[in-house]
Every structure is written in structure tokens, then in C-alpha cells.
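In: Build me a model from this:
(chains A and B)
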Amino acid sequence: MKLNVVVLMKQVPDIRTTNNDVLLPDGSINRAILPTIVNPNDMYALEQALLLKDMYPEATVTVLSMGPMQAADVVREGWFRGADKGVLLCDKQFAGSDTLATSYTLAQAIKQLAPVDLVLCGSQSIDGETAHVASQVACHLGWPQFTFANALQVENNQVTVERQIENGVEKAQTSLPVVISVTNQAPVCRPKNAKNVMMHKRTEVLVWSLNDIQADANQCGWTGSPTRVANMKPLAWQAKEAQQIEPTDTGIATLMQWIVR
Amino acid sequence: MNNIVVYLEIDKQARIADVSFELLSKGKELSMQLGCQLEAVAIGSALEGIAEKVMPYGVDLLHIFDEACLVPYTTLTHSKLLVALLKEICPNSVLMGATAVGRDLAPRVAAMLQTGLTAHCSDLRIADYTDNNGKTYKAVLEQIRPAFGDKAMTTIVCPERRPQMATVSAGVMKPVIFDANYKGEVIRHDAFKWLTDADMVVTILSQTTKAATNHLKEANVVVAGGYGVGSKKNFELLKELAVLLHGEVGATRAATDAGWIEEDCMIGQTGLTVRPNLYIACGISGQAQHVSGMQESGIVVSINTDSDAPMNKIADYVIVGKIEDILPKMINCLKQKNA
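Out: Numbering: from 1, shown residues only, chains lettered A, B, ... in the order given. Here you go, the predicted model:
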């Protein structure tokens, strides 16, 4: 089965293990102290694409990312694991995009890669945590969507997913093409392959600008973003004096008298 | 025109989700500040009694789409109908729950309407906004949400375009009856005026749901464990203490990820929000992600080997020590008291 799969992958600051130093006094994020990684859930989407390629060897997997030039590393991470192609969308006019502008830009690039059968992405990013992009890319393409998929199968042009719903899961089906966002309940991504690393270590990543994807500048970047950050405050907990309780039988017995009625 | 709209989340049994009632109450509050009306949209099947259920929350206009094909929820049908309606009524703001359905539907609807959307809000306010060029926008919807792994709170606005759209986490707002005898208008719409075959291309093959296995949301006492609990075995101590206190056991993401306790016990931004009178934090460092789900608790006790744990700063009582030393002492105390 000839299947053209595009995986949306994002480079994000690794905010998972940091302390409060990550925020500067003005509330902006101190990116300088943070390492960058591929958004963790996007790796689960990549694995689903590679599993489809294992099953259908004629399938092609294209990694599509958007960001500054250093985000080309994301495309390489895809190549090292078996992706065939990669494109980075990089243009000053893409800067400051909210999810509406981001999804428009990604959808324009997907149109350039046509015919595409399947678009996969992580269910959400660890920096924005909006989970908007899958739905909005699907909307811009006019395709159906399955968000929060734990598992997916493609057979004879039909896609079946198991996706998360409130307090449970549902099985749903539609025909290609479709956009699917993948959760971290799917299988983890395979490691880098040494042969692929050697092969792609110096491969240039294809970079597309606004003109390359025939995008309308008014729908991209800051200009195309309806939302604005009015302010950002680091979360500082209200300081209040906690009472220390001695970890002794007496200390705890006294505490229990206070807190249990 | 320029009203507040709440999308009601309705299940197969025509039950309305808790978060929808929470949003109606917030929506009513906002609409009174703005001097506009509160509208609700019900898309589902067998919706006979729905008006009686929502009117007491102060709904001025209830829009109903009642067709068998609208249950279970699918993205394409619900987004088509909601967008068609929203284009007709041109609201000021649209609110949805940050649930599986709301998180799937809201971004699609926002993109169809080419407007902004803020995810997972924990508060909504009306205020003026002045941009960097000094231009002031009157009475916009301030959408407040955690950011950067919950290390900050961000206020997002959508100054130019309408509607302003937000999804709101379940449990953070309180459902309040506005007027038990409130009577708004009901408008029944014909779904097939808008739906086409192209909206029916997704088939739901099956749904498996299980009832919540705990009562954490309503619990008066919560004994919660973090990574510092150290083992599944130690979680048994938390359970024993919770039973003696007639409470429930909760956990942080680190503890559920470690497999020590079921995932539906997770308290925090991406899990449950709890408001017990007594919250006993066992081996919980106090990451903002977790704290946002328990900060409205009454008395907070923190048990931790690290005397500098951030949780100790928000606690009323701090015990520095190991879970396996402290909890048995608490359990003994209660057993003696009950004996």
C-alpha cells in the first residue's frame, strides 16, 4: 500500500525537570538555560508512522517541523529513526504564531507535499499544552480528525483508531485522508539506527519559507495570530508560616487531635 | 448578538456534564458584568427534559439540536452545527469544558471561525486590555491559564476577533443555581438544515467507559502521595490512613506514572481538582502542576524527608520524616481513638 504519511514534530524547551529559575523576573521563559528536545508526544506519533512503514514498505514518512534553523535537529531525529524525508518551515514571518497561525502554516506545507494520506502529530506539546494543532490542521485541510489516539490501524484506505474519551476509550473509523494526534499510551519510539545516523549526519534539511508554501502572510506569525499574551506571572506561593510537628509519637498525637474532629 | 455562549456537553443518556453547569454559572456571572444574555447550545438526542435542567442556571436562550445521529459525539457533526449557529448569533464569547469532547471540538470550531482559543483556563474575567501600541480594548475576556509546565500563570486575550473562545478545566468553577424558577427561551433548530453526508464520514464502532472508581472530587479528607512515597507497598499505608479518616487516596503524576496507584487518582492540572477540608501530602515535593489541583484545600499537612520541599511552604503543618515512620504513628493514633 502506497501511503504518504506526514509527521508534525516540534522542538520544545525541556521544561519537565527544571525549577523556578526557568522563569525570568518579568515572567518570560529563560530559554538559555533549557535544553531543547523533540516534543515527547511527537515521538509517539513518529513511531506510529514508522510502524506503518514497517507494514507497508512502499510508504513514505515525512517529518514536518516549524521553528528557527536549529529546529532542523528535529528532522534529523526523524531520519535517524527511519523517516524518509524532512522539511523545516523557517521564516521570520512565522515568528509569534499562536495555534491558529501555526496550523494554517503547517496545513499550507502539507498541501505542498500532496498527495498526503495521513498526518500524525503528538496529542499536545509540553510547552504550550493546548492540544489545538491536530484539530486546526484538520480544519484547514478540510479533513476529519481523531485526537488523543492510543492506537491506530490503516487497512484498505480505512483508518481505525482507539481514542481517549471521558472515563474511557472509543473505537472509531473513517477513510483516508485524516489527521490523528497520538498520546503517550501508544508504543514508545524506537531508538536511533546507527546506519541511518551515518547516512544522514550531514544531510541538509530542506527549508521552506513563506513563499515556498504559498502562504498568505496575513494568516502567519504574529499578524495571523488572534491571541495575545496580556501578562505572565511566575507562580509564587503565598508565604505562610507552617507549623513544624516533631516526628515523635507525642508530636503526631497532638497533631491528630488538632486536625481530626 | 454579543452574548456569552456555553456548549453543553451531553452524553448518550442525555446527561449534562458537571463542567457544563460550572460554565453556565461562570457564563451567567460574565454576562451580567457585560450586560448581555447567556445562551446555551445542546447538541444531542432525546433532549426532552433539558430546558428544566439548565434554566435554573440563568440561561436566557437555549438552542437545541435533537437528532439520533448527533449521539455519540463526532467532531464533524457537532462542529458543523455549532459553527453554523455561532455565525448566526455572533456571540461575544464561547465557553466549553476542557474535556475529551471540548478539547477535540473547540480548536476545530475556533479554526472554522478564524478566531483565538485559550486551552485549559482556570479563570475567566472581564477587563480592559491595552496593547503594546497603547491601544485599549474595552471589556475583553481575560483567559487565565497555567503555562510552562504550570510554572507560571498566563493571561491570554483575543482583542480583535469574535467570538473569544476558551476551554475551562472541570472542577475549577462552582455550579451555582441562579434562580430556580428562571425561564429562558427555547429555540429548536433543524440539524439537517446544515448537516450533509460529508459530515457523517466518521463511524463510532464502540465506546467503553467505566464509572469513576473513586470519590476524590467530593472527599472531605484526601491523603495524597507523591514520588517520595517510594513504593506501591507504602501506598497501602496511605490507603489505611484514608479509610480511618473516611477519606480518599490521591496522587501526583509521578506516583501514577510509577504505577503505584491508578491513574484516575491523579490530582493536578491535567488530573482532578480537589477541595477537601484536610489534605495530607505524603512525599509530595509540591510541583505547581500538582498544587494547582489542591490549593483550595482547607488544612494542609505535608510529610516529607526534605524540609525545603515547596509543599512545606503552602502547608499548615510540616512533619519532616519518612512515610514509613510517620504514617504508622498516625494510623495508631486513630486506631486508639476509635477503640
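In: make it CA atoms for all contacts and neighbour counts henceforth
Out: Fine.
In: who's in contact with the longest helix along chain A?
Out: Across chain A, the longest stretch assigned as helix under DSSP state H is helix A:40-55. Contacts to helix A:40-55, defined as CA atoms under 8 Å, 6 or more residues apart in numbering or on different chains, come from residues A:5-10, A:59-61, A:78, A:82-83, A:120-126, A:152, A:154, A:181-184, A:186-190.
In: Please tell me how far it is from the chain's geometric centre.
Out: 13 Å (CA atoms, centre = their mean, to the nearest Å).
In: returning to that earlier point: narrow the contacts of helix A:40-55 to those in helices?
Out: Using DSSP H, these in helices are residue A:78.
In: filter the contacts of helix A:40-55 down to the ones close to chain B.
Out: Within the set of these, contact with chain B (CA under 8 Å from any CA of the partner chain) is found for residue A:126.
In: what's the helix or strand residue B:42 falls within packed up against?
Out: Element membership of residue B:42 [criterion: DSSP states H and E] is strand B:38-44. Packing partners of strand B:38-44 (3 or more CA pairs under 8 Å, 6 or more residues apart in numbering or on different chains; DSSP states H and E): strand B:4-8, helix B:18-34, strand B:61-66.
In: so which of these is the most packed in?
Out: strand B:4-8 (a mean of 26; mean count of other CA atoms under 10 Å in any protein chain shown).
In: Hey, what's the angle from it to strand B:38-44? Just curious.
Out: Interaxial angle, strand B:4-8 versus strand B:38-44 (axes from the mean of the first three to the mean of the last three CA atoms, to 10 degrees): 20 degrees.
In: got a list of contacts for strand B:4-8?
Out: B:16-17, B:20, B:23-24, B:27-28, B:30-31, B:36-43, B:91-96.
In: With stretch A:71-88 instead?
Out: By CA under 8 Å, 6+ apart, stretch A:71-88 touches A:9-11, A:37-38, A:46, A:50, A:60-67, A:69, A:190-194, A:196-197, A:200-201, A:205-208.
In: taking these one by one, which sit in strands?
Out: Among the contacts of stretch A:71-88, the residues falling in strands (DSSP state E) are A:11, A:37-38, A:60-66, A:206-208.
In: hmm, which two among those residues are most spread apart?
Out: A:37 and A:60 (23.9 Å; CA to CA).
In: higher neighbour count, those two?
Out: Comparing residue A:37 with residue A:60 by neighbour count (other CA atoms under 10 Å in any protein chain shown), the higher total belongs to residue A:60, at 20 against 16.
In: pretty sure the more buried one contacts residue A:1?
Out: No - taking contacts as CA atoms under 8 Å, residue A:60 lies outside contact range of residue A:1: 10.5 Å.
In: Alpha carbons only: can I get stretch A:155-166 in PDB?
Out: Taking C-alpha atoms only, stretch A:155-166 is exported to PDB below (Å, rounded to 0.1, in the frame of the first residue of the first chain):
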ATOM      1  CA  GLU A 155      -6.100  -1.100   6.100                       C
ATOM      2  CA  ASN A 156      -7.500  -0.600   2.500                       C
ATOM      3  CA  ASN A 157      -7.900   3.100   2.800                       C
ATOM      4  CA  GLN A 158      -9.700   2.700   6.100                       C
ATOM      5  CA  VAL A 159      -8.300   4.100   9.400                       C
ATOM      6  CA  THR A 160      -9.400   2.700  12.700                       C
ATOM      7  CA  VAL A 161      -8.300   4.300  16.000                       C
ATOM      8  CA  GLU A 162      -8.700   3.700  19.600                       C
ATOM      9  CA  ARG A 163      -9.000   7.200  21.200                       C
ATOM     10  CA  GLN A 164      -9.500   8.600  24.700                       C
ATOM     11  CA  ILE A 165     -12.900   9.800  25.700                       C
ATOM     12  CA  GLU A 166     -14.100  10.900  29.200                       C
END
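In: what does that stretch contact?
Out: With CA under 8 Å, 6+ apart, stretch A:155-166 has contacts from A:1, A:146-154, A:169-176, B:99-101, B:209.
In: Return the set of buried residues in that stretch.
Out: For stretch A:155-166, burial by neighbour count (16 or more other CA atoms under 10 Å in any protein chain shown) applies to A:159, A:160, A:161, A:162, A:163, A:164, A:165.
In: Looking at these, which is nearest chain B?
Out: residue A:165 (5.2 Å; CA to the nearest CA).
In: For the lowest-mean-pLDDT helix or strand in chain A, buried residues please.
Out: When each helix and strand of chain A is scored by mean pLDDT, DSSP states H and E, strand A:228-234 comes last, with a mean of 86. The neighbour-count check on strand A:228-234 (16+ other CA under 10 Å) flags A:228, A:230, A:232, A:233, A:234 as buried.
In: What subset of the ones in strands among the contacts of stretch A:71-88 is buried?
Out: The buried subset of the ones in strands among the contacts of stretch A:71-88 - by 16+ other CA under 10 Å - is A:11, A:37, A:38, A:60, A:61, A:62, A:63, A:64, A:65, A:66, A:207.
In: quick one: low-confidence ranges for the chain?
Out: Because you didn't say which chain, this covers chain A. A:16-29, A:235-240, A:261 (pLDDT under 70).
In: Chain B was what I was after
Out: Short version for chain B, where the test is pLDDT under 70: B:149-151, B:212-213.
In: Let's see that with 80 instead.
Out: B:1, B:147-152, B:171, B:210-214, B:218, B:269-270, B:338-339 (pLDDT under 80).
In: ok, longest strand in it?
Out: Per DSSP E, chain B has its longest strand at strand B:136-147.
In: list the buried ones in that strand?
Out: For strand B:136-147, by 16+ other CA under 10 Å, it's B:140, B:141, B:142, B:143, B:144, B:145, B:146, B:147.
In: so who does the second one touch?
Out: Which is residue B:141. B:93, B:124, B:125, B:126, B:127, B:157, B:158, B:164.
In: and residue A:217, how many residues sit next to it?
Out: 16.
In: Distance check, it against chain B.
Out: For residue A:217, the distance to chain B (CA to the nearest CA, to the nearest Å) stands at 15 Å.
In: Specify the beta-bridge partners of the nearest residue to residue B:189 once chain neighbours are set aside.
Out: Distance criterion CA to CA, 6 or more residues apart in numbering or on different chains; nearest residue to residue B:189, sequence neighbours excluded, is residue B:65 at 5.4 Å. Applying DSSP bridges to residue B:65 yields these beta-bridge partners: residue B:43, residue B:189.
In: ok so, going back, quick check: neighbours of the helix or strand that the least confident helix or strand of chain A is followed by in the sheet, parallel or antiparallel?
Out: Using DSSP H and E, the helix or strand that directly follows strand A:228-234 along the chain is strand A:243-245. Using DSSP bridges, strand A:243-245 pairs in its sheet with strand B:317-320 (parallel).
In: and the helix or strand following the partner strand, what does it pack onto?
Out: Proceeding N to C from strand B:317-320, the next assigned helix or strand is helix B:323-338, under DSSP H and E. Using 3+ CA pairs under 8 Å, 6+ apart, the elements in contact with helix B:323-338 are helix A:249-259, helix B:232-244, strand B:299-304.
In: Name the secondary structure element that contains residue A:147.
Out: Per DSSP H and E: strand A:145-155 holds residue A:147.
In: mind listing what's buried in that strand?
Out: A:145, A:146, A:147, A:148, A:149, A:150, A:151, A:152, A:154.
In: what do you get for stretch A:183-200?
Out: For stretch A:183-200, by 16+ other CA under 10 Å, it's A:183, A:184, A:186, A:189, A:196, A:197.
In: and which of these is nearest to chain B?
Out: Nearest to chain B among the buried residues of stretch A:183-200, with distances taken as CA to the nearest CA, is residue A:184, at 11.3 Å.
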